[in-house]
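> Got a predicted structure here, sequence first:
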Amino acid sequence: MMHPIDRRTFIRRTVQTAIAAAAGGLPVLDLLSMPVQAGQAPPLAVRKGRDIPFLVRETINALGGVENFVKQGDVVVVKPNIGWDRTVELAANTHPEVVKTLVQLCLEAGAKQVRIFDRTCNDERRCYMQSGIRPALEAIRSDRVSIEYIDRRSFKELAIKGGRAFDRWEFYLPVIEADRLINVPIAKHHSISRLTLGMKNLMGVIGGNRGRLHHDIAESLSDIASVIHSDLTVVDATRILTANGPQGGRLQDVRKLDTLIASPDIVAADAYAATLFGLSPTQVPTVVAAARRGLGVMDLNQVRMV
């Protein structure tokens, strides 16, 4: 009897097979043949609270606990936004306590290794320190936690069958090869995509000239989200950047909300996050494009609040 495999396992096996079989050609990732999940209302957890470690645990527990997403022996990538040389209070990067608590939960679930990295916009060493994320993770003191800079040699160009904005791009193999991906963006204004949330955060695990994606940002991010599947998206809205994003730099642009959003459906998580800015999900082009592609649920009446 054949047992069904989850979509992430399918992606990883497909990429590994494609690379092995390419024989000098460009590996092709066939998005059209991926297994489709049954049409059930995705769960969405939203919680508020000032104690961030407790808030993270409460939110993940509402989804059935981290064990629903991380299994014993898994290699897990936790992908925060660490893109900017900004301190915590300026809300340009994911809050370090959100990242730290998620990593601790992964360890408690028996993860073999938890890897944390981002392709930063500013100097990576300054970003990792100024964001507070490196010091927070080093405080865990576990040899199963790996705080890494992006290795430029580990990008692999893949042809994307079914891509709309582009038909090939460089993807970061450690993400595809991991057992699980937990996507942890901060909710921010963005001058081009209107908002930067879960799908936009995936730009931190691709190579190439990322500026090209901004010519058709909605379809570009949908192409990326079709390949890099997030098993869990946790949107940090403990404080949000309401203007001058994505880099920010002014405290008057920051609003403290003490809120966390989590869902296995990246589109649903992004759709709800849009409402924190007074926007309908239909006003965020990246959310609309992804929903049209069948990458998730945009209509919040069709999600299951837990």
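Perfect, thanks for sending it. Owing to the predicted nature of the structure, the values given are computational and were not obtained by experimental measurement. Numbers count the residues shown, from 1 in each chain.
> Who are the packing partners of the helix or strand harbouring residue 288?
Using DSSP states H and E, residue 288 falls within helix 285-292. Under the contact definition 3 or more CB pairs under 8 Å, 6 or more residues apart in numbering; DSSP states H and E, helix 285-292 sits against strand 194-196, helix 198-201, helix 217-227, helix 266-275. Just so you know, the C-beta spots here come from the backbone N, C-alpha and C atoms, and that holds for glycine as well.
> Quick one: closest of these to residue 61.
For residue 61, the closest of the helices and strands packed on helix 285-292 is helix 266-275, at 16.7 Å, according to CB to CB.
> and the closest one, how far out from the chain's middle?
Distance of helix 266-275 from the chain centroid (CA atoms, centre = their mean, to the nearest Å) equals 12 Å.
> by contact count, what packs against it?
strand 43-48, strand 194-196, helix 198-201, strand 232-241, strand 254-263, helix 285-292.
> what's the most buried one of the ones you listed?
Sort the helices and strands packed on helix 266-275 by mean neighbour count, taking mean count of other CB atoms under 10 Å, and helix 198-201 sits at the top with a mean of 29.
> can you list the residues that contact that helix?
With contacts defined as CB atoms under 8 Å, 6 or more residues apart in numbering, helix 198-201 is touched by 79-81, 183-185, 190, 193, 221-222, 224-225, 230, 233, 235, 266-267, 269-270, 273, 286-287, 290.
> how about the helices of the stretch 101-250 of the chain, start to end?
Using DSSP state H, counting those that start in this stretch, the helices of the stretch 101-250 of the chain run over residues 124-130, 133-138, 173-177, 198-201, 217-227.
> Dihedrals phi and psi, the closest residue to residue 133 other than its chain neighbours?
What sits nearest to residue 133 in space, not counting adjacent residues and going by CB to CB, 6 or more residues apart in numbering, is residue 96, at 4.7 Å. Recorded main-chain torsions at residue 96 are phi -60, psi -30, according to degrees, to the nearest 10.
> that older thread, and the helices and strands packed on helix 285-292, which is most packed in?
Of those, the one with the most neighbours on average (mean count of other CB under 10 Å) is helix 198-201, at a mean of 29.
> quick one: which of the helices and strands packed on helix 266-275 is nearest residue 167?
helix 285-292 (16.6 Å).
> got the angle between the closest one and helix 266-275?
150 degrees (axes from the mean of the first three to the mean of the last three CA atoms, to 10 degrees).
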